[in-house]
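In: next comes the sequence, and after it the predicted model I'd like to discuss.
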Amino acid sequence: MLFQIAWRNIWRNKARSLVVICSVILGIWAGIFILSFAWGLYQNNINESIYRQLSHIQIHHPKFGDDYDSKFTILDADKLLRKFQLDERITSVSSRVITTGMISSPITTSGVKIYGINPLSEVSQIRLDEYVKEGTYFGSGKENEILIGEKLAKKLKVKAKSKIVLTFSNIHSEMISGAFRIGGIYRSKNTSLDELNVYVLQKHLQGLLELQPSESNEIALLIKDDQEVDVIKKESEEMLPDAKIEDWKALSPELNLIIESFNLYTYIISGIILLALLFGIINTMLMSVLERIRELGMLMAIGLNKRKIFTMIMLETYYLTLIGTPIGFLVGWLTVTVLGKTGINLSMFSEGLASYGFNSMIYPALDHEKYMIIVVMCLITAIISAVYPCIKALQLNPSEAIRKI
């Protein structure tokens, strides 16, 4: 009986009930959309870092990371490369020679991180060739060719085919200077790195540093399945006990922090939205109770006890929430599904996003766990929002309520 009475009560004022239902729908949709957009933004940054910069796993000499001293190398890097290339779980593998130094033009100088690379390996590893905006990707065939970022080129006031000088220390701590000609200028999705990273041919840099052809400072692995990263890392540690092997989470702790803290963001963002919804539902239900003071007093006078009054008002609130929740969930899911395929183009903010390593195309995404968190929090909100109107109803004196005008 109470279920039927509660259901009829919510439709006595259809406009007010529909406003509450629409508020629930909008609240759930907003929570799902904001969280999916935030995760899409973070996932964008993570993917850009893994597939355009870090790779899934990097192998170094244990002391190399202290100050990027090029004398700390991985011996027999060629043999390791061939071994990793035979592993079907690994998409791409490349070796790099790395050092730090200064780059000079006739105008100014700047500090840089110098990567000696095999151009063909980096095409499949970080797709560096796709970023070239001016000139070619190591297409001249000259050993002193260099690839620099667009932001660095503007700072040095140079362009393709300009001549620059790199100065750095070799493995014997002797200062070395080498003249290079700019073969290409690239622009990645992370402009802060464009100003720092320059790329030269690995063999040429090995010669300047006086390294052996089989030595390198870094081996990077790109894995087909993200689920295999931990397994391959463990196998690599067993195969190379004297090397330092790190996955992308260890190489970039801030990215790992994003993942670990996203559940907290879910509760905070959802909580803020549902807090606003909470006051809306309380206001509506309180108005409903105050409009029915004489009716509630009559029900109490004929024997409807306080427990049943409480249950009736609670059911009214729950009905409104249960109508809005599935619709809001469905609308939110459809929005994420559609935008997850088409993406959201933020090209008007591309410059600002690029400075923080974000792509201007965002693909919203959200896992099932986050959907359930939002729905559960919405149902909890419904319970809490019904408490105060129920208390006001239970405080009524039947004899006084009946005489209420």
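Out: Happy to help now that I have it. This structure is a prediction, so every number in the text was calculated from the model and none was measured.
In: which residues are in contact with Ile185?
Out: 132-135, 147-150, 153, 159-160 (C-beta atoms under 8 Å, 6 or more residues apart in numbering). (Glycine included, C-beta is placed from N, CA and C.)
In: what does it show for phi and psi?
Out: Main-chain torsions, Ile185, degrees, to the nearest 10: phi -120, psi 130.
In: need the nearest residue in space to Glu246, chain neighbours excluded.
Out: Gln58 (5.6 Å; C-beta to C-beta, 6 or more residues apart in numbering).
In: what does Ile323 give?
Out: Ile21 (5.2 Å).
In: just the strands in the stretch 101-250 of the chain please.
Out: All strands of the stretch 101-250 of the chain, identified by DSSP state E, counting those that start in this stretch, fall at 109-117, 132-135, 145-149, 163-169, 175-186, 197-201, 218-223, 244-247.
In: with mean pLDDT added, can I get the ones you listed in TSV?
Out: Shown next, in TSV, are these (pLDDT from 0 to 100):
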stretch	mean pLDDT
strand 109-117	95
strand 132-135	92
strand 145-149	95
strand 163-169	95
strand 175-186	94
strand 197-201	96
strand 218-223	94
strand 244-247	93
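In: I'd like the distance between Ser55 and Ser92.
Out: Separation of Ser55 from Ser92 (C-beta to C-beta, to the nearest Å): 8 Å.
In: now for those two: what residues contact both?
Out: 125, 221-222.
In: by neighbours, which of these wins?
Out: When neighbours are counted by other C-beta atoms under 10 Å, Leu221 leads those with 24 neighbours.
In: how much space between that one and Ile21?
Out: Remark: distance between Leu221 and Ile21 (C-beta to C-beta) = 52 Å.
In: same deal with Lys83?
Out: Distance of Lys83 to Ile21, computed by C-beta to C-beta: 62 Å.
In: what number of residues lie near Leu257?
Out: 11.
In: could I get the buried residue list for the helix or strand where it lies?
Out: Using DSSP states H and E, the element containing Leu257 is helix 253-291. Along helix 253-291, these residues count as buried under the neighbour rule (16 or more other C-beta atoms under 10 Å): 255, 258, 265-266, 269-270, 273-274, 277-278, 281-282, 284-285, 288-289.
In: all helices of the stretch 251-400 of the chain, in order?
Out: Per DSSP state H, counting those that start in this stretch, the stretch 251-400 of the chain carries helices over the ranges 253-291, 293-301, 306-342, 350-355, 368-394, 398-402.
In: and the ones you listed as a markdown table, adding mean pLDDT?
Out: A markdown table is the format used below for those (pLDDT from 0 to 100):
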| stretch | mean pLDDT |
| --- | --- |
| helix 253-291 | 80 |
| helix 293-301 | 75 |
| helix 306-342 | 87 |
| helix 350-355 | 68 |
| helix 368-394 | 82 |
| helix 398-402 | 66 |
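In: okay if I get the ones you listed as TSV plus distance to Ser214?
Out: Putting these into TSV (distance: least, C-beta to C-beta, whole Å) gives the following:
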stretch	distance to Ser214
helix 253-291	32
helix 293-301	87
helix 306-342	45
helix 350-355	37
helix 368-394	47
helix 398-402	92
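In: can you check which of those helices gets nearest to Ile103?
Out: helix 350-355 (20.5 Å; C-beta to C-beta).
In: report the central residue of the chain.
Out: Tyr42 (1.2 Å; C-alpha atoms, centre = their mean).
In: quick check: domain ranges of this structure?
Out: Domains of the chain are assigned by automatic domain parsing as 2-49+255-402, 62-242.
In: need those in JSON lines (columns: distance to Lys249).
Out: Conversion of the domains of the chain to JSON lines gives the following (distance: least, C-beta to C-beta, whole Å):
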{"stretch": "domain 2-49+255-402", "distance to Lys249": "4"}
{"stretch": "domain 62-242", "distance to Lys249": "9"}
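In: quick one: closest of the ones you listed to Trp248.
Out: domain 2-49+255-402 (6.8 Å).
In: and Lys83 and Ile21? Which one has more around it.
Out: Ile21 (20 against 13).
In: residues in contact with the more buried one?
Out: Here Ile21 is in contact with 320, 323-324, 327 (C-beta under 8 Å, 6+ apart).
In: Asn170 touches Ser70, doesn't it?
Out: Yes: with contacts counted by C-beta atoms under 8 Å, Asn170 reaches Ser70, the gap being 7.5 Å.
In: of these two, who's got more company?
Out: Legend: neighbour count by other C-beta under 10 Å for Asn170 and Ser70, higher for Ser70 (27 against 16).
In: excluding chain neighbours, what is closest to Ile223?
Out: Nearest one to Ile223, counting by C-beta to C-beta, 6+ apart, is His56 at 4.4 Å.
In: the one you found against Leu221, yeah?
Out: Yes: here His56 lies in contact with Leu221, judged by C-beta under 8 Å, at a distance of 5.9 Å.
In: need the overlap of contacts for the two.
Out: Counting by C-beta under 8 Å, 6+ apart, the residues touching both His56 and Leu221 are Ile232.
In: sorry, back to before: most neighbours, which of the contacts of Ile185?
Out: Sorting those by how many neighbours each has (other C-beta under 10 Å) puts Ile148 first, at 29 neighbours.
In: give me the neighbour count for the nearest residue to that residue once chain neighbours are set aside.
Out: Using C-beta to C-beta, 6+ apart and skipping residues adjacent in sequence, the residue nearest Ile148 is Val198, 4.9 Å away. By other C-beta under 10 Å, 23 other residues sit near Val198.
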